[in-house]
Each structure stands twice: as structure tokens, then as C-alpha cells.
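**Q** just coords:
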């Protein structure tokens, strides 16, 4: 996923047991189902990003981690100083209570916490660290600003609702309206390279003409319409179709690279010889598995290494691959639920008592909410609080009477 995670709903909103809308007092309400669904989605997104990183141990000993969740501390390294990034574990233990910027994920980064950029602060995990991580790459993101407009996120002065999308090369986040192109549907299933990075690595425009999602640049769309109006020659259209087929003939759905391509055949030169053009304006969106179609011959590998974009040839470099790893790790962790493990250690009588208590509370909560639904009333935080206070009172009376 390359879109910024949305902030949680306003905690001050009142909860209504059925549909969302307006309460009798004219206050905005949301349904309990909506809240639970939103919380579940946010939890899944957080698991995808954070479960791929270790929250208990600093990542510094691992060196330049292939991809990890990162943060910048505005308290320790404010704007005007040197940029620095910290890992997930250090954000919890070393910078608790500090003003942090969430950077989502970055590639090939080593945790800076406690090095020369942090004056008096020492890393609680590894006090002795190298003064500088020379291979780390920084951007204005580390000072809490993003996009070509150099603005914070969320931006209190921006009244336009707009998603932010991450460029897979520079890893900056850009507003959809500042990409210089029309953002395609299902953007979360694709990768994006901003116009600046495309121009910095011009060989990517050759691939874009053949592999990228078509018709996203506004100028390109206009040019395409003009060509269609002037054209009408069936022979020319047939030639274009043949050219397109030739470009796709060797590209099956498999993500595996052919042995011939790896050993010497240059796919990039073949595409350059075809001569298919694309207007070189705006950001470029790439479809799923497009990296598998990039040439990996020896020459192209050297070019990619010299340009610092060798990661484009690595299909496991994607944020999607990282997120899937995080989701799998979270599922494995949930498979070893400590609560269930504790339940297994109880005897049969204790297990039955706990199960009965849980079922009773679930039934009573359901009945409690149904009364509000039947009367069309809004469930307020005070109502929920009162319900659980009543639950506690009943437990005390049952305990005092010897039922436990």
C-alpha cells in the first residue's frame, strides 16, 4: 500500500447502534458496526506496517535493513538541524513522549538513535553506536514535510481532501493533485514513480512506453486524441498492434526472469529499437509485477547499480511484499494467543466458569444495545460506562453471596 494511513475517527463522536446519520440533537453519529469495521481495518493496516518490524529490539545490529518502519524525532532532531531516523523499538523506548513524525517505511536504513545527531540522548538498547550511518538517505520527510509543496501531513491549512502516494524511488509522499497526471483506479495495487525521478533516470521512460499504466498523463491523453483524429489508416493501426504484440510476446504472467535475458539478451535495447513513444510528463504508475519485466542483463545491472536503483530489479523490495510479511507475522502471533494459552492452563471447572461469564456478558451487552436500537436512541460514552459499572456491581454481589 502506498497511500498514507488515514487518521482514526473522532473519538468524541457519539455511537448509534444502527445506521449513521444525525441524532435528534443534530449531532453527527456513526454506527457501532462502522466503528468496529474501521478499527479492524486500521488494525490490519498497522499490522501490515509495524509487524514487519521488531517493536522490542533496536534494528541497529542488523545494519542497513532492507525495509523497516521508521520515525523521525522532532524533539531531538528538529528542523534546521541534521536529519535522523529511528526504528520502531527506539520510538517506543528511547523517545517515549517525544514529538515523532511517522515516516511509514524506508529501504536500506540503519537506526540513528543515539548517534552524533542526538546530542545528549543515548540509545537504551545500544549506547555505543557509530557516529554516522553514511549509507542512510534522508529527505525533507524527516522534518515532517512532504510532496513538492513541502507541507506537513496532516496539513491544518489544506482544505482539499486528497490522498498522498509514495514514490518508490525517492520514497517521498506526494499529493495526488501534484503528480501532474490523473491518478488511476486501484492505485493501491500499483507502484508510482514521480516525474522528478523519471527524469533523473531517463531509461525508465522507455519502459514506461511499453509497461506502465496507459493514459495517465494529461498531456499524453490529449496527444493520443489528436493522433486518433488524424489517423484512420488501417495499415498504420495494424502495424501498431503488431508492435504492441511484439513488446508483450516474451512477457508471460510469470514473475521469473528467463535465463537468456539474464545471461546476455538486453530487453531495454529491444524496446528502444521498437521506438514506441510516451509523453514524458507527470508521474508514472506501474502495474503489478512490472519489475519482473525489466531487463536484468549484465549491462543493465551495472547501469542500475551506478544509478542507485538496483532495488527496482528486486521484486521483494516492494512495500506490498513487506506488508504481506507483516500480515503473516501478525497471523502467526495471533495463532499463539497468550490469553488462550492461559485458559489452557486452567482446570476444567475454571474454564467453564470463565466461558459462562463471557457468554453472559455478551448476551447482556447485546440486549443492552438492542434497547437503544428499538427506541432509536443514541448510545453515549456514559451509557457504555454505566453498563460496565453495573457488570462490576453484579460480580461483587455474586462474589459476596458465595456464588464464585
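**A** Arrived safely, thanks for sending. The shown structure was predicted, so the numbers you read here are calculated from the model rather than taken from an experiment. Numbering: from 1, shown residues only.

**Q** mind listing the strands for the stretch 1-150 of the chain?
**A** Counting by DSSP state E, counting those that start in this stretch, residue ranges of the strands within the stretch 1-150 of the chain are 14-16, 21-22, 28-31, 65-73, 86-87, 100-109.

**Q** Quick check: mean pLDDT of the third one?
**A** Okay, so that is strand 28-31. When pLDDT is averaged along strand 28-31, the result is 57.

**Q** quick one, which of the strands of the stretch 1-150 of the chain is packed in tightest?
**A** Each of the strands of the stretch 1-150 of the chain was given a mean neighbour count from mean count of other C-beta atoms under 10 Å, and the largest, a mean of 28, is that of strand 86-87. (Glycine included, C-beta is placed from N, CA and C.)

**Q** So which residues make contact with that strand?
**A** 53-54, 58-60, 65, 68-73, 94-95, 111-113 (C-beta atoms under 8 Å, 6 or more residues apart in numbering).

**Q** Also stretch 195-214?
**A** Taking C-beta under 8 Å, 6+ apart as the rule, stretch 195-214 contacts 148, 167, 169-170, 179-180, 184, 190, 193, 247, 268, 271-272, 274, 276-278, 280-287, 290, 293-294, 303, 307, 309.

**Q** Mark which of those residues are buried, thanks.
**A** Applying a neighbour-count criterion of 16 or more other C-beta atoms under 10 Å, the buried members of the contacts of stretch 195-214 are 167, 169-170, 179-180, 190, 193, 247, 268, 271, 278, 280-286, 290, 293-294, 303, 309.

**Q** Residue 283 is in contact with residue 175, isn't it?
**A** No: with contacts counted by C-beta atoms under 8 Å, residue 283 stays clear of residue 175, the gap being 11.0 Å.

**Q** Give me the domain ranges for the protein.
**A** Segmentation of the chain into domains, based on automatic domain parsing, reads 14-50, 60-143, 173-229+257-324, 338-400.

**Q** how about those domains in a markdown table, adding distance to residue 158?
**A** Conversion of the domains of the chain to a markdown table gives the following (distance: least, C-beta to C-beta, whole Å):
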| stretch | distance to residue 158 |
| --- | --- |
| domain 14-50 | 22 |
| domain 60-143 | 17 |
| domain 173-229+257-324 | 8 |
| domain 338-400 | 31 |
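
**Q** Could you say which one of those domains comes nearest to residue 152?
**A** Between residue 152 and the domains of the chain, the tightest spacing by C-beta to C-beta is seen for domain 60-143, at 8.7 Å.

**Q** end to end, how far does the closest one reach?
**A** One end of domain 60-143 sits 21 Å from the other (C-alpha to C-alpha, to the nearest Å).

**Q** quick one on the thing from earlier: in helices only, show me the contacts of stretch 195-214.
**A** Counting by DSSP state H, the members of those that fall within helices are 247, 268, 271-272, 274, 303, 307.

**Q** Could you report the separation of residue 157 from residue 151?
**A** From residue 157 over to residue 151 the distance is 8 Å, taken as C-beta to C-beta, to the nearest Å.

**Q** With neighbour numbers in mind, choose between these two.
**A** For residue 157 versus residue 151, the count of surrounding residues by other C-beta atoms under 10 Å is larger for residue 151: 15 against 6.

**Q** The more buried one contacts residue 164, doesn't it?
**A** No: checked against C-beta under 8 Å, the pair residue 151 and residue 164 is beyond contact range at 10.1 Å.

**Q** and residue 206, which of the three is it?
**A** The three-state label for residue 206, taken from DSSP: H, G, I helix; E, B strand; the rest coil, comes out as helix.
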